[in-house]
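1. Okay, structure incoming, though there's no sequence with it:
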């Protein structure tokens, strides 16, 4: 790990030098000033969203470390992070209470806390907080509830929103950084409250509760189904689901009935909170076609929902200190050297004796590969920028390995903040 | 079933596999279940409807069909098929029951998606043969795969009797049979490999059949750590070599000499990555599963690239005796 840290340091120095020589094309684009964002006392919530595997959780954690070390009291809410990344922040298990992260420089007066969302625990807590103990027990023991809360599609999104609402309502934090769930469809967590709302407004739920309530008849009249209609319906459901399940569902819905209004109110409130000026969305992506296509979708979707977008974080960008040497020239030179020196040696075999020619040729081939990667990444980035020239971008240079300690997160934070054209604060 | 951590190229590998398995006279079905229209994007066609349609011919000459499963339509289909409920289905939809079932009710969505795939697996032609020789699913990511595939066990436990119970059990029988294989796509990076190892353990614990590991986006090894050490010791000679190759003066401050530092740092990064990849490869080997390697596509995962991968896969599958 020490080796990796040292590497991260030198790579950072390297990226600094790159910053001056590079950025053709990006110079005209707005640059995301991360420090200005996290230093602003008006910024209370930062939501990191993006496709899976683009470094979303790492970005959230790195922002947390940086904001805390710049004097803010921060909590990072992560959802199902990679174990080792969690360990880097001292999290060892699912735990619904924010824990102080040790090893963060507290001199400027900041603090870093982190928590990993426990879906089931969050759901249980809501039930316990909003019903009497007897009813709570009935709900918690209901098999239907147990499956629902254990994490079927959608629950994670509801609970992430719920937890965010709770953290914000507590007003204990200067800044809440949220790492969004790896959703099936990109912005499920935005849809969750609406979907819950339309379900609760729907007649189906009343239909479900009707037979379990004494006043079922009123419900039936409301639905214009009549007694026979209702019994056909429940009969059908029974046939489909099996009697036991329908009964479990009805008991569950009846028991939850008093809580649904609360769910809805809070989900709506959280949704409005996300639209409020104190919130900033960061779309995280890697310079690959699919990830940026997803990012473009996020940008459009956030605009449609009037969610405040702060910018795009483009992780894992490659650079080169020798960018003036083109891939074509490097390859031609490599071929010259190979012809000159090593005709009798097997090509590309790392174990064959090292001659200066062979080593130089290998280094040039690697450089050519690097330049190809660089060109592809730029093209992909520029395509995105052409579609969304208004979105400020922060590029983060690729690290040689994964990040799993505070030092690594600090290095990423530094790279995030150091963008060409942004004055160090 | 093709799963993998996000960003590992699951959809690309699933598509390449469906193409590779489409040998002469065979027909494969490529299925997606997450509503992302990844297949349509990859094959450069318009968005796929909820309908099986031919999208390609494999390098071996067979046909590849594709299907984007939609939970809501699958449920209406299912109601129609088993209960002849054309109109009632629409009534249920108006009531919000379909929304409830496909988005909120625990597991129903995943039951429908897996159920539809199993139906395609078991479907037969009039002549009695299977309609599809292989069905390849671009499945949810590793973090959710066990829950996704195991949902029918859960549901069979919740709905203890009735048609849903029976349906769930029938699907589970197919998924746990030797006809199914759950393949995991990974990169030679720490987190994806960790997720693969965890995923394999979870799948095994649930009794789901694990197939192989597809190591995606591999890059050729050029220079290792020993080579980097050798290069550091012979900077002068390398500067001369670069100069001879026409890249400027080898003297201190010359253009060729100035290249040494940057090139060495890049080479060092490459060698470190190779060393890490070596460790990760042995971690993968420790799983004792068939492993397949797919080279990084220089131009990204586009349609010609997928055909290239399909060709590579075909050879490797033959070597491993999986395909003829």
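-> Now that the structure is in, tell me what you want to look at. What you are looking at is a predicted structure, and each value in this text was computed from that prediction instead of being measured.

2. so residue B:58 touches residue B:27, yeah?
-> No. Using C-beta atoms under 8 Å as the test, residue B:58 is too far from residue B:27 to be in contact (9.5 Å). All C-beta atoms are positioned from the backbone trio N, CA, C, and that covers glycine.

3. Which parts of the chain belong to which domain?
-> Since no chain was named, I'll use chain A. A:2-324+A:369-417, A:327-368 (automatic domain parsing).

4. The chain in question should be chain B.
-> Split by automatic domain parsing, chain B gives B:2-219+B:296-319, B:220-287.

5. Residue A:34 is nearest to which of those domains?
-> domain B:2-219+B:296-319 (22.5 Å; C-beta to C-beta).

6. can you put the domains of chain B in CSV and add mean pLDDT and mean neighbour count?
-> Below are the domains of chain B laid out as CSV (pLDDT from 0 to 100; neighbours: other C-beta atoms under 10 Å in any protein chain shown):
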stretch, mean pLDDT, mean neighbour count
domain B:2-219+B:296-319, 88, 20
domain B:220-287, 94, 18
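
7. Could you verify that residue B:161 is part of a strand?
-> No. Counting by DSSP: H, G, I helix; E, B strand; the rest coil, one finds residue B:161 to be coil, located in no strand.

8. how much space is there between it and residue B:176?
-> 21 Å (C-beta to C-beta, to the nearest Å).

9. Could you do residue A:39 as well?
-> 55 Å.

10. Residue B:217 belongs to a strand?
-> Yes. Counting by three-state DSSP, residue B:217 is located in a strand.

11. That one against residue B:9, yeah?
-> Yes. At 6.4 Å, residue B:217 counts as touching residue B:9 under the criterion of C-beta under 8 Å.

12. Next, show the common contact partners of these two.
-> B:187, B:294 (C-beta atoms under 8 Å, 6 or more residues apart in numbering or on different chains).

13. now the strands: where do they sit in the stretch 51-200 of chain A?
-> Ranges of strands within the stretch 51-200 of chain A are A:73-78, A:95-100, A:111-116, A:175-179, based on DSSP state E, counting those that start in this stretch.

14. Highest mean neighbour count out of those?
-> Burial among the strands of the stretch 51-200 of chain A, expressed as mean neighbours by mean count of other C-beta atoms under 10 Å in any protein chain shown, is greatest for strand A:175-179, which shows a mean of 27.

15. now for it, which elements pack on it?
-> Helices and strands touching strand A:175-179, by 3 or more C-beta pairs under 8 Å, 6 or more residues apart in numbering or on different chains; DSSP states H and E, are strand A:45-49, helix A:56-69, strand A:73-78, helix A:155-170.

16. Could you point out which of those sits nearest chain B?
-> helix A:155-170 (8.0 Å; C-beta to the nearest C-beta).

17. on that earlier part again, for the helices and strands packed on strand A:175-179, give me a markdown table that also has mean pLDDT and distance to residue A:123.
-> Below are the helices and strands packed on strand A:175-179 laid out as a markdown table (pLDDT from 0 to 100; distance: least, C-beta to C-beta, whole Å):
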| stretch | mean pLDDT | distance to residue A:123 |
| --- | --- | --- |
| strand A:45-49 | 94 | 21 |
| helix A:56-69 | 94 | 22 |
| strand A:73-78 | 94 | 16 |
| helix A:155-170 | 84 | 6 |
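
18. deepest of the ones you listed, which one?
-> Using mean count of other C-beta under 10 Å, helix A:56-69 ranks as the most buried of these, with a mean of 27.

19. Now do it: distance to the chain's middle.
-> When distances are taken as C-alpha atoms, centre = their mean, to the nearest Å, helix A:56-69 is centred 12 Å away from the chain's centroid.

20. could you redo the helices and strands packed on strand A:175-179 as a markdown table and give each row distance to chain B?
-> Putting the helices and strands packed on strand A:175-179 into a markdown table (distance: least, C-beta to the nearest C-beta, whole Å) gives the following:
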| stretch | distance to chain B |
| --- | --- |
| strand A:45-49 | 13 |
| helix A:56-69 | 9 |
| strand A:73-78 | 13 |
| helix A:155-170 | 8 |
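
21. Which among these is found nearest to residue A:274?
-> strand A:45-49 (7.0 Å).

22. For residue B:54, give the beta-bridge partners.
-> In this entry, residue B:54 is beta-bridged to residue B:65, by DSSP bridges.

23. Distance-wise, check it relative to residue B:65.
-> 5 Å.

24. Now residue A:86. Nearest residue, chain neighbours left out?
-> In space, and not counting its chain neighbours, residue A:86 is closest to residue A:116: 6.1 Å by C-beta to C-beta, 6 or more residues apart in numbering or on different chains.
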